[in-house]
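Peer 1: Need a 3D model of the sequence below.
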Amino acid sequence: MVTVCCVCKKTKNKNRWQKQAIIHGKVLSHGYCPHCYELIINKLHNLEAQSKYHDNP
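Peer 2: Numbering: from 1, shown residues only. From the prediction side, this is the model:
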């Protein structure tokens, strides 16, 4: 099974993330590479903070 980042499309190969690759005949699983995961978590924290501010101005 090959894991593909759902944001940048890097593939995970033996615990190492690499640039996009063309993959034929393999089962794919989608997730986040560490870099994209960090970006998404930061966005979620910012949205949460904005939501709390708007709920309690």
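
Peer 1: Going by C-alpha atoms from here, please, whenever you check contacts or count neighbours.
Peer 2: Will do.

Peer 1: Would you map the helices across the chain?
Peer 2: Using DSSP state H, the helices found in the chain span residues 34-55.

Peer 1: pLDDT below threshold where in this structure?
Peer 2: Low-confidence segments of the chain (pLDDT under 70): 53-57.

Peer 1: ok, now with 80
Peer 2: 20-23, 52-57 (pLDDT under 80).

Peer 1: for the residue nearest the centre of the chain, phi and psi?
Peer 2: For the chain, the residue nearest the mean C-alpha position is Tyr32 (2.6 Å; CA atoms, centre = their mean). Backbone dihedrals for Tyr32, given as degrees, to the nearest 10, come out at phi -120, psi 140.

Peer 1: what residues are up against it?
Peer 2: For Tyr32, the contact set (CA atoms under 8 Å, 6 or more residues apart in numbering) comprises 4-7.

Peer 1: go with 6 Å
Peer 2: When contacts are counted by CA atoms under 6 Å, 6 or more residues apart in numbering, Tyr32 touches Cys5.

Peer 1: cool, Gln20 as well?
Peer 2: 9-10.

Peer 1: I'd like to know how far it sits from Leu28.
Peer 2: When distance is defined by CA to CA, to the nearest Å, Gln20 is 13 Å away from Leu28.
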